[in-house]
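> Prediction below, plus the sequence it came from.
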Amino acid sequence: MTFWHNRWKTQQIGWHRAAYNDLLTKHWDSIGAPDGGEILVPLCGKSLDMLWLADRGYSVSGLEMVEEAIEAFVSENRLDVKSERTGDHIKHSSHPFTVHQGDFFELPEGTVLADAWYDRAAMIAVPIESRTAYVDQIRKLTKPDAVGLLITFAYPQEEMDGPPFALHDDHVMALFSDGFDVESLEHLDLGDEKDRGLSSVTSTVFRISRRSD
Ligand SMILES: C[S@@+](CC[C@H](N)C(=O)[O-])C[C@H]1O[C@@H](n2cnc3c(N)ncnc32)[C@H](O)[C@@H]1O
């Protein structure tokens with residue numbers, strides 16, 4: 001059983017929020033996702049943010065490998081889903097939601113071709129050595145001019161084992177330097193997170209856009 005399967009089985013899901021993310025609601029409109037487009041939500045858990053996006057008229061494609069998480073999203077939101085296996089993944093559909101069950105890194109190119117993506121607690125959940133592969137997957141699963149909203153979490157990595165793994169602004173710039181434009185929309189000092197024993201905790205909201213050339 002993986003770390004994540006265990007976290008869901010034992011309901012140690014402290015990252016889950018019972019409200020929409022206020023950085024999503026504050027910044028989403030400024031990234032310029034096309035009306036009615038498809039939004040990719042990698043490592044989606046049972047995030048309520050998917051409901052907020054759906055309410056705004058988007059179709060939402062989540063990616064999650066733990067069945068319990070998807071079952072909870074479906075039952076807590078009373079969705080009537082149709083499920084079909086496609087290769088190593090299972091596609092659960094209930095308009096306007098589609099949740100692909102399986103490993104994000106293994107989802108074949110083109111399975112999702114999103115207009116935009118939303119990343120809260122996804123890239124920071126991925127081991128640091130897998131981040132380049134993560135960005136490659138974003139590239140494969142989005143359209144050439146797609147835009148993304150990324151919310152990071154950063155602290156001195158030596159002060160805590162992840163996840164969440166610290167994701168510093170300069171690493172975001174480097175990871176998305178090939179074929180993307182990156183703009184910082186807001187930088188926050190999360191002083192109230194210091195009770196984890198961390199000397200500094202910050203978060204940055206980025207608008208990321210793929211260059212279509
Ligand atoms: C920290 S949680 C964040 C969930 C969600 N983004 C939120 O804000 O509530 C990370 C989620 O990613 C899932 N996950 C981790 N690695 C994954 C992978 N390689 N493929 C698909 N899902 C994965 C975990 O099961 C977990 O639900």
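Nice, I can see it. Numbers count the residues shown, from 1 in each chain.
> show me the contacts for Ile124.
Ile124 is in contact with 152-153, 162-167, counting by CB atoms under 8 Å, 6 or more residues apart in numbering. Heads up, the C-betas are built off the backbone N, CA and C, glycines and all.
> got it, and Arg78?
When the contact criterion is CB under 8 Å, 6+ apart, Arg78 has no partners at all.
> what about it, distance to His187?
When CB to CB, to the nearest Å is applied, the distance between Arg78 and His187 equals 38 Å.
> Please give the number of neighbouring residues around the nearest residue to His168 once chain neighbours are set aside.
Distances taken as CB to CB, 6 or more residues apart in numbering place Ala154 nearest to His168, at 4.8 Å, with adjacent residues excluded. Counted with other CB atoms under 10 Å, the burial measure for Ala154 works out to 23 neighbours.
> ok, now Ala18?
Applying the criterion other CB under 10 Å, we find 5 residues in the vicinity of Ala18.
> Torsion angles phi and psi at it?
Phi and psi for Ala18, reported as degrees, to the nearest 10, are phi -90, psi 20.
> right, and it touches Ser47 too?
No: the pair formed by Ala18 and Ser47 falls short of the contact definition of CB atoms under 8 Å, at 10.7 Å.
> ok, the helix or strand harbouring His92 near the ligand or not?
Taking DSSP states H and E as the criterion, His92 maps to strand 89-94. No: on the criterion CB under 6 Å from any ligand atom, strand 89-94 is out of touch with the ligand, staying 9.8 Å away.
> So what are the sheet partners of that strand and their directions?
Looking at strand 89-94 with DSSP bridges, its paired strands and their directions are strand 82-86 (antiparallel), strand 97-101 (antiparallel).
> Val74 belongs to a helix?
Yes: counting by DSSP: H, G, I helix; E, B strand; the rest coil, Val74 is found in a helix.
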